[in-house]
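[1] just a sequence and a predicted model for now, questions to come.
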Amino acid sequence: MVLRPAARVRQTAPTSTDISKGADVAAFSSEQEVYEFLGGVFRRGMDDADLVAKLEPTGIVLRITYTDPDAVITVDMPGKEIHEGAGAGPDPNVELFMTADTGNRFWLGKVVLPVALAKGTVRAKGPVAKLLKVLPLAKQMFGPYREHLASAGRQDLLDA
């Protein structure tokens, strides 16, 4: 048996340099911010008649459960409704689980969903293949999402 010295424990607080190097700091400060920005992108999507016409016949009811902070958004594509909060809305047939920061990065175009699923950054339940078929439609919401962040002065989320 080989004995190794115990790992050194940091005795000082992290510096701003440490934080900028990628320490885990949640970009969203509250559940309400998740609903405002990540929920907002879905609400804007439901205002786009062409997009709704393509999504409605899919039959997808998507529930996204976010962490850091905790929030739940259910997108009822056939019903053309967005529901916020755990237990709100109809039962989903597809579910995604991710951090709110990952959700933000997805809408910025920085997370490729199939890769995130393969790496385990995003977990899924249900017929994900059905969701992946309509995934290219999400790209048209990247611009409006960025505009919403910019108009709200959320450079921190844009830089994520």
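    On my side now, so go ahead.

[2] helix/strand/coil for D50?
    Using DSSP: H, G, I helix; E, B strand; the rest coil, the structure places D50 in helix.

[3] contact partners for it?
    By CB atoms under 8 Å, 6 or more residues apart in numbering, the contact list for D50 is empty. The C-beta positions use only the backbone N, C-alpha and C, and glycine is treated the same way.

[4] and if you look at the one 10 residues further on?
    Applying CB under 8 Å, 6+ apart, one finds that I60 lies in contact with 75, 77-78, 93-94, 130-131, 134.

[5] what is the burial count for G40?
    Using other CB atoms under 10 Å, G40 has 18 neighbouring residues.

[6] all helices of the protein, in order?
    For the chain, the helices defined by DSSP state H cover 16-20, 31-34, 40-46, 49-55, 100-107, 113-119, 128-138, 142-151, 155-158.

[7] which residues touch the longest one?
    Residues from elsewhere that reach helix 128-138, judged by CB under 8 Å, 6+ apart: 51, 54-55, 58-60, 62, 93-94, 96, 106-107, 113-114, 117, 124.
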